[in-house]
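Peer 1: dropping a prediction and its sequence here:
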Amino acid sequence: MRPEDLEDTKLANALVIPIAAVSTGVVVIVVAIAVVLVVLFVTVSMRGRQRRGVKRRDETRHELAEAHERAARAERDRDIAQEQAQGGDPDR
């Protein structure tokens, strides 16, 4: 091996090492950004599920309150109809 070849190899190694280091740094940064984006996406998704769940529970409560109101109204109507049937027909 000639001395010039040894110098060329050292020069090539001197250039490759910083390029490899920069490339490694870029990869680390890209992976870190990807992890942050995934965590952000999961957080936003969970928050959306919470809001939809709260909305669904509110709708269910509202529907339940309406059902209770209809049942109470039906019970009153039934009582009124029974009173009218008993007191309104003296021939019975």
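Peer 2: Received it, and whenever you're ready, just let me know what you need.
Peer 1: residue 41 sits in which helix or strand?
Peer 2: Using DSSP states H and E, residue 41 falls within helix 3-87.
Peer 1: so how far is that helix off the chain centroid?
Peer 2: In terms of C-alpha atoms, centre = their mean, to the nearest Å, the gap separating the centre of helix 3-87 from the centre of its chain is 2 Å.
Peer 1: quick check: mean pLDDT across it?
Peer 2: The pLDDT scores in helix 3-87 average 86.
Peer 1: tally of neighbours for residue 80?
Peer 2: Counted with other C-beta atoms under 10 Å, residues neighbouring residue 80 total 10. Quick note: C-beta positions are derived from backbone N, CA and C, even for glycine.
Peer 1: likewise the one 4 residues further on?
Peer 2: When neighbours are counted by other C-beta under 10 Å, residue 84 registers 10.
Peer 1: again, but for residue 9
Peer 2: Residues near residue 9, counting by other C-beta under 10 Å: 11.
Peer 1: please report the distance of it from residue 28.
Peer 2: 28 Å (C-beta to C-beta, to the nearest Å).
Peer 1: same question, residue 17
Peer 2: 16 Å.
Peer 1: how about residue 36?
Peer 2: 13 Å.
Peer 1: again with residue 48
Peer 2: Counting by C-beta to C-beta, the gap from residue 48 to residue 28 is 31 Å.
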